[in-house]
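# could you look at this predicted model? Sequence included:
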Amino acid sequence: MTETPEPPDAPEQPDSPEHPATSPNSADAAGPTPSRPPTQHHEACPARATEPMLIEQITLPTVGLICQRHAVFVNAGEPVPAEGARALALCGVPLTLGPAPQEMLPGVPAEVVDCADCQAIIWNKPDARPVDVRQRLCIRRVGTVDVHLVDAAGLTAVTMTALCGAVFHLGDALEQLAPGAGAPCTRCLLAS
């Protein structure tokens, strides 16, 4: 049996551990070895979802000892993220896909609960906030104690008027607080 000669532009490679024999008659050859590395086009492509799917991922808690089970949505035709890939959960939490933690601390097994926000999106649960609740800003002047409530009706381009009648101007040193934070203005509470 005759060996086929290599093309003239291909360099000859000796039989060595770095360059295994590529001829079909070689006793050490386990199969054909490519003469050049595969291009990106020929590398393994990620699997694509054939239908919409949810991928569950358990994440370590930011605070505490209870892990959360988040859901990542993959639409039909999109690549299915592999282990180690970054993804965004339905609730907006960025996460890295991978195995779930077995222990929180040495000897403390991981406790897992479903992410309430992901579950609300999956099951299309309505928002718990009543529809008639108005959005309000909670603001105060820097260095003061009273937190004032400002409705959308009290906003203009250059002023904010609190429910108690206090007026804040553009450029005033103000702090915006979360609802329930700080000492509320009694007059604003009575007017709400």
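Looks like it arrived, so ask away. Numbering: from 1, shown residues only.
# can you verify my assumption that Leu60 contacts Cys67?
Yes - if you go by C-beta atoms under 8 Å, Leu60 and Cys67 touch, sitting 6.1 Å apart. Every residue, glycine included, has its C-beta placed from N, CA and C.
# which stretches of this protein form helices?
116-122, 186-191 (DSSP state H).
# can you put those helices in TSV and add distance to Leu174 and mean neighbour count?
Formatted as TSV, the helices of the chain follow (distance: least, C-beta to C-beta, whole Å; neighbours: other C-beta atoms under 10 Å):
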stretch	distance to Leu174	mean neighbour count
helix 116-122	30	16
helix 186-191	15	14
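# distance to Ala157 and mean pLDDT added to those helices, as CSV?
Below are the helices of the chain laid out as CSV (distance: least, C-beta to C-beta, whole Å; pLDDT from 0 to 100):
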stretch, distance to Ala157, mean pLDDT
helix 116-122, 35, 87
helix 186-191, 22, 89
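# distance to Cys138 for those - can I get that in TSV?
Listed next are the helices of the chain as TSV, based on distance: least, C-beta to C-beta, whole Å:
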stretch	distance to Cys138
helix 116-122	23
helix 186-191	9
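# of all those, which lies closest to Thr96?
helix 116-122 (16.2 Å; C-beta to C-beta).
# check the offset of that closest one from the chain's centre.
Distance of helix 116-122 from the chain centroid (C-alpha atoms, centre = their mean, to the nearest Å) equals 14 Å.
# again, but for stretch 164-179
A distance of 34 Å separates the centroid of the chain from that of stretch 164-179, by C-alpha atoms, centre = their mean.
# try stretch 69-89
9 Å.
# check the separation of the first and last residues in it.
Its start and end residues considered, stretch 69-89 measures 10 Å (C-alpha to C-alpha, to the nearest Å).
# what do you get for stretch 90-101?
End to end - C-alpha to C-alpha - stretch 90-101 spans 21 Å.
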